[in-house]
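Student: Quick one, fold the following:
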Amino acid sequence: MGLVRHLASAVAGFIYRPTDAIVDEYHKWYFNTYVLTKTTWMGVNCWESAYEAIEAYEQEFPNDYTHDRGRENKFGWTFAPNGFLIRR
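Tutor: The predicted structure follows:
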């Protein structure tokens, strides 16, 4: 049974391939309806990048979190600058 699932999973990637037109239409809908400007999480607008959202949250609630600089610098670089937080 495991082999059948594995083969079916491998074949599914070749069977279902959305065309570029579908992807383009979705992005047109998403950006043209301004859904991104109406979406919030915990009161912070989600249309901004994650970096800007963290800055906005920190301005509103400055004492909630502190940055975990040790974790950010662990490998010398990060894809999430100011993204590692420790609850105070």
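
Student: Phi first, then psi, for Thr39.
Tutor: For Thr39, the backbone dihedrals are phi -90, psi 130 (criterion: degrees, to the nearest 10).

Student: I'd like the distance between the residue nearest to the spatial centre of the chain and Lys38.
Tutor: Among the residues of the chain, the one closest to the centroid is Ala50, at 7.6 Å (C-alpha atoms, centre = their mean). Distance, Ala50 to Lys38, using C-beta to C-beta, to the nearest Å: 18 Å. All C-beta atoms are positioned from the backbone trio N, CA, C, and that covers glycine.

Student: cool, Tyr30 as well?
Tutor: 11 Å.

Student: repeat for Arg87
Tutor: 28 Å.

Student: who has more neighbours, these two?
Tutor: Using other C-beta atoms under 10 Å as the criterion, Arg87 and Lys38 rank with Lys38 on top: 10 against 6.

Student: pLDDT at that one, what is it?
Tutor: Lys38 is assigned 77 on the pLDDT scale.
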